[in-house]
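S.K.: Here you go, sequence then predicted model.
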Amino acid sequence: QVQLVESGGGVVQAGRSLRLSCATSGIDFRYNTMGWYRQAPGKQREFVAGISASGITHYADSMKGRFTISRDNAKETAYLQMNSLKPEDTAVYYCNTATSLIAAMDVSAMGYWGKGTLVTVSS
């Protein structure tokens, strides 16, 4: 059974940083692409960043230069380092698995979702 557990969210002031974690189980983590997503109040869930099994990364344009995705295959965990946070980054952040970076960007094709972790950025 696939389990995705996001953590690390919280309330921070604009300009500060947070590091999110995504602990997984029930998947062969080292062979999976991992993605981070977010859903702001009243908006659709959107792709944030992805990292392939080989470590290739891809970011949504608005996150480039501020967010960094990484993975630790030994811990079967993916991370999202978020710097220079802005109030518009306020959202529930989720992780998920995919077969490729292209697949990771197709939010509508995702099935199972974890509970996510809430990030609130105050101005």
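M.R.: That came through fine.

S.K.: contacts, neighbours, all on C-alpha from now
M.R.: Will do.

S.K.: which residue ends up closest to the midpoint of this protein in space?
M.R.: Most central in the chain under C-alpha atoms, centre = their mean is residue 36, positioned 2.1 Å from the mean C-alpha point.

S.K.: Quick check, it in contact with residue 45.
M.R.: No - counting by C-alpha atoms under 8 Å, residue 36 stays clear of residue 45, with 10.4 Å between them.

S.K.: coming back round to it: please report the distance of the residue nearest to the centre of the chain from residue 66.
M.R.: 14 Å (C-alpha to C-alpha, to the nearest Å).

S.K.: Please apply the same query to residue 84.
M.R.: Between residue 84 and residue 66 the computed distance is 6 Å (C-alpha to C-alpha).

S.K.: what are the ranges of the helices in the protein?
M.R.: In the chain, the helices defined using DSSP state H lie at 101-104.
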